[in-house]
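Enquirer: here is my input, please return the structure:
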Amino acid sequence: MADTPLILWVRRDLRLSDNPMLAQAAASGRVVIPVFILDAETEALGAAAKWRLGLGLAAFARALEGIGSRLIFRRGDALAVLQGLVADTGAGAVHWARLYDAEAKARDTGVKASLRSAGVEAVSHAGHLLFEPWTVETGQGGYYKVYSPFWRAVKDRDVSAPMPAPTRLRAPDVWPASDALEDWQMGHAMRRGASVVAAHVGVGEAVAQARLTAFLNGPVDGYKERRDLPYVEATSRLSENLTYGEIGPRMVWHGGMRAMIEGRAGAEHFLKELVWREFAYHLLHHTPHITTRNWREEWDGFDWRGDNADAERWRRGMTGEPFVDAAMREMYVTGTMHNRARMIAASYLTKHLLTDWRVGQQWFADCLTDWDPAANAMGWQWAAGSGPDAALYFRVFNPETQAEKFDPKAAYRHRFIAELARVPGRDALSYFDAVPKAWGLSAGKAYPKRMIELAEGRKRALEAYSVRNSAAAET
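Expert: Next up, the predicted model:
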């Protein structure tokens, strides 16, 4: 079997360098057949994430062609597609990089068992994370439920150096048939919004590495102090590239470590944010219900509002709270949202509007080009108070005072809210080009009044939490 072809099942690892699976395949000397499968799990992605994945796949396919290979596209059940490719090519092995959400793990476990029972080598590799979730344990042998001790447990660990990109992959004499990526129309659900968001994405491995270099050559110095300011370019903007594996986490880690050794002021805090991503996956692995249910069971009795008219105004960026609305419009225009703005928007929905965090989670999953199953779930539960490392129930962010602190001259708000700007800029006006026409929005309409006074919203939230605490104490 050593000289039979090796199938690489590509998922969220769209890069040549720092790719353990790809490096091992190249070193084997075997014929390598990379394949991407549009299966039910991938079909279920939100509009923006699916569209962005399609862009990443196109870029990765071009990169593979540069080393004498190509990316085969197949649609259907993952196991059935892989079994068909094994039969067509005589492949003796299928390798892939691990994913950690419950649906992917169930699928991959079934695929591995079926292939092995048929005598096909089936191997899963690390690659999406710095540390496999089961390798980080507390002193008692359990998993970490709080971020700070998790950081202390991993910050001094050895992280292997990123692997160089292979210069060549051995190709088969005859390539198996492939779908045309464009025929899948992965951006169909984006409709007219795609042309707006396209101006703000950074697709592919070369772009990702350039972003890292640019960040470490400048903004990292002020990262700790400036990362909460949504009106300045103070972050690495690598979230979308990490999501699709266009850059490896080891490359980011070692870049940050070099900057820290050189004395760059914000480097350690940057590494902490990278490890926050690791913590999210640590929890996703050990408590997979974090994506669908309250992480803290005591919140199961809380009387969240389901989807409602207020939540719809929140989705449309028409709450009358400028910081919240700027955040929601930023997401529609750019496909991403500044992290501070995410916290404020999420807090407002779950606390001032008392709406179930899953309503917001699902909207972000549909609209974010950097959507990540672990980070999105943990972030929403943190904001709602139901999750790990959660904001205490009485911590209700005030969008007005947050804006005064983090957007003192209203630059961020004016950038995305045309109705508040004397002369609206491109991004503010682009919002109306991106949203569905059915919403009936235009820059010429008056900005809406507040849905709820902030003090009243805070009081209502605290009263609801007090009822929850009393009920929990009685059980």
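
Enquirer: for Ala311, give me its contacts.
Expert: The contact partners of Ala311, by CB atoms under 8 Å, 6 or more residues apart in numbering, come to 305, 349, 353, 355, 359-360. Every residue, glycine included, has its C-beta placed from N, CA and C.

Enquirer: with secondary structure added, can I get these in CSV?
Expert: Converted to CSV, the contacts of Ala311 look like this (DSSP: H, G, I helix; E, B strand; the rest coil):
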residue, secondary structure
Arg305, strand
Leu349, helix
Leu353, coil
Thr355, strand
Val359, helix
Gly360, helix
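
Enquirer: mind giving me the PyMOL command for buried ones among those?
Expert: A single PyMOL command is used to select the members of the contacts of Ala311 judged buried by 16 or more other CB atoms under 10 Å:
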select buried, resi 349+353+355+359+360
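
Enquirer: closest to His285 among the contacts of Ala311?
Expert: Gly360 (23.3 Å; CB to CB).

Enquirer: isn't the closest one right up against Tyr348?
Expert: No - using CB atoms under 8 Å as the test, Gly360 is too far from Tyr348 to be in contact (9.4 Å).

Enquirer: quickly list what's touching both of these two.
Expert: With CB under 8 Å, 6+ apart, Gly360 and Tyr348 have common neighbours Trp314.

Enquirer: take the contacts of Ala311 and lay them out in a markdown table including pLDDT and distance to His285.
Expert: Shown next, in a markdown table, are those (pLDDT from 0 to 100; distance: CB to CB, whole Å):
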| residue | pLDDT | distance to His285 |
| --- | --- | --- |
| Arg305 | 96 | 31 |
| Leu349 | 98 | 27 |
| Leu353 | 97 | 31 |
| Thr355 | 98 | 28 |
| Val359 | 98 | 25 |
| Gly360 | 98 | 23 |
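
Enquirer: pick out whichever of the contacts of Ala311 sits closest to Phe131.
Expert: Of these, the one sitting nearest to Phe131 (CB to CB) turns out to be Gly360, at 28.8 Å.

Enquirer: and the closest one, what does it touch?
Expert: Applying CB under 8 Å, 6+ apart to Gly360 gives the contacts 311, 314, 345-346, 349-350, 380.

Enquirer: distance of it from Asp77?
Expert: From Gly360 over to Asp77 the distance is 32 Å, taken as CB to CB, to the nearest Å.

Enquirer: can you spell out the domain ranges of the protein, please?
Expert: 1-127, 129-160+203-286, 297-474 (automatic domain parsing).

Enquirer: which stretches of the stretch 351-475 of the chain form helices?
Expert: Using DSSP state H, counting those that start in this stretch, the helices of the stretch 351-475 of the chain run over residues 357-367, 373-384, 399-406, 411-416, 426-434, 454-474.

Enquirer: ok so, going back, which of the contacts of Ala311 lies closest to Gln140?
Expert: Out of those, the member with the shortest distance to Gln140 (by CB to CB) is Gly360, at 34.3 Å.

Enquirer: grab the nearest non-local neighbour of the closest one.
Expert: Leaving aside its chain neighbours, Gly360 sits nearest to Leu349 (4.8 Å; criterion: CB to CB, 6 or more residues apart in numbering).

Enquirer: you'd agree the one you found is up against Arg313?
Expert: No - the pair Leu349 and Arg313 does not pass the contact test of CB under 8 Å, sitting 10.4 Å apart.

Enquirer: nearest to Thr319, of the helices of the stretch 351-475 of the chain?
Expert: When the helices of the stretch 351-475 of the chain are compared (using CB to CB), the closest one is helix 399-406, at 8.7 Å.

Enquirer: I'd like to know which elements that closest one is packed against.
Expert: Contacts defined by 3 or more CB pairs under 8 Å, 6 or more residues apart in numbering; DSSP states H and E place helix 399-406 against helix 322-334, helix 339-347.

Enquirer: any chance of the ones you listed in a markdown table, plus mean pLDDT, distance to Ala461 and mean neighbour count?
Expert: Below are the helices and strands packed on helix 399-406 laid out as a markdown table (pLDDT from 0 to 100; distance: least, CB to CB, whole Å; neighbours: other CB atoms under 10 Å):
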| stretch | mean pLDDT | distance to Ala461 | mean neighbour count |
| --- | --- | --- | --- |
| helix 322-334 | 98 | 15 | 26 |
| helix 339-347 | 97 | 9 | 23 |
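
Enquirer: any chance of these in CSV, plus distance to Tyr412?
Expert: As requested, the helices and strands packed on helix 399-406 are exported to CSV (distance: least, CB to CB, whole Å):
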stretch, distance to Tyr412
helix 322-334, 6
helix 339-347, 8
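
Enquirer: do you know which of those helices lies nearest Arg460?
Expert: In terms of CB to CB, the element of those nearest to Arg460 is helix 339-347, at 13.7 Å.
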